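> any chance you could fold what I've pasted below:
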Amino acid sequence: MQSDRGQGLIEYALLIALIAFMVIGAAFILGRNLYTIFYGIAEALQFGCGQVSAETFRSYAGEGTPPSSPPALSQRPAEGTVTQGYWFCHKGLDIANDEGVPVRAVAGGIVRFAGWSERGYGYMVVLDHGGYQTLYAHLKQTPSVSTGQSVSGGAVLGLMGNTGFSTGPHLHFEIRLGSELVDPTLYLP
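From the prediction side, this is the model:
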């Protein structure tokens, strides 16, 4: 009888070891993606599921009126890897790269805000393009542009950083059409 009981414990221990090996293997394979999922959940809880994004745009750029046609953006705001996309609690696109990578205006517009955000965005810029607005957050330092300045598409707004509620260097980029935050991937080249 003793050998049957011992055999069950060995099988149980082997099963636990196999499960642990699979979990560690999945975490290794998924790597940054797994981290991004947990970071996205933490950010969504911190920012109230997209509410801060909507309030931030209203504070700096007003409500705006929707454009008669979708914006035709000629370039991406920064080079890098998309680490988090748009979803109901994350109203933007996160692009990760090394600190200091240039962050550029996706189209010409007027700078409605350039400075420090107390709402978790760190150093950020909000541009008004007439009918739609764009937001560039977590910049490394004070933006390269000033409130009220007119900028052309491709102008450097600042450098990718890790300021505000951020756990690594990346750009948080948002687009608002009129009063609605939209998925940036629908408009970026």
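
> in the protein, which residue is most central in space?
The centroid of the chain falls nearest to residue 94 when counting by C-alpha atoms, centre = their mean (2.8 Å).

> which SSE is residue 103 in?
Taking DSSP states H and E as the definition, one finds residue 103 inside strand 102-104.

> next: residue 18.
helix 2-30.

> contact partners for residue 115?
Residues near residue 115 by C-beta atoms under 8 Å, 6 or more residues apart in numbering: 123, 124, 142, 143, 147. C-beta: built from backbone N, CA, C; applies to glycine.

> how far away from the center of its chain is the strand holding residue 103?
Taking the mean of its C-alpha atoms, strand 102-104 sits 15 Å from the chain's own mean (C-alpha atoms, centre = their mean, to the nearest Å).

> before we move on, the earlier item: let me know the average pLDDT across the helix holding residue 18.
When pLDDT is averaged over helix 2-30, the result is 65.

> tell me which helix or strand residue 166 sits in.
Per DSSP H and E, there is no helix or strand for residue 166.

> could you find the closest non-adjacent residue to it?
Excluding its sequence neighbours, the residue lying closest to residue 166 (C-beta to C-beta, 6 or more residues apart in numbering) is residue 138, at 4.7 Å.

> can you tell me how far the one you found sits from residue 23?
31 Å (C-beta to C-beta, to the nearest Å).

> still on that earlier bit, show me which of the contacts of residue 115 are buried.
Burial by neighbour count, 16 or more other C-beta atoms under 10 Å: within the contacts of residue 115 this picks out 123, 124, 143.

> low-scoring stretches of this structure, by residue?
1-13, 15, 25-65 (pLDDT under 70).

> now do 80
1-70, 72, 88-89, 179 (pLDDT under 80).

> quick one: the helices in it, in order.
2-30, 32-47, 51-61 (DSSP state H).
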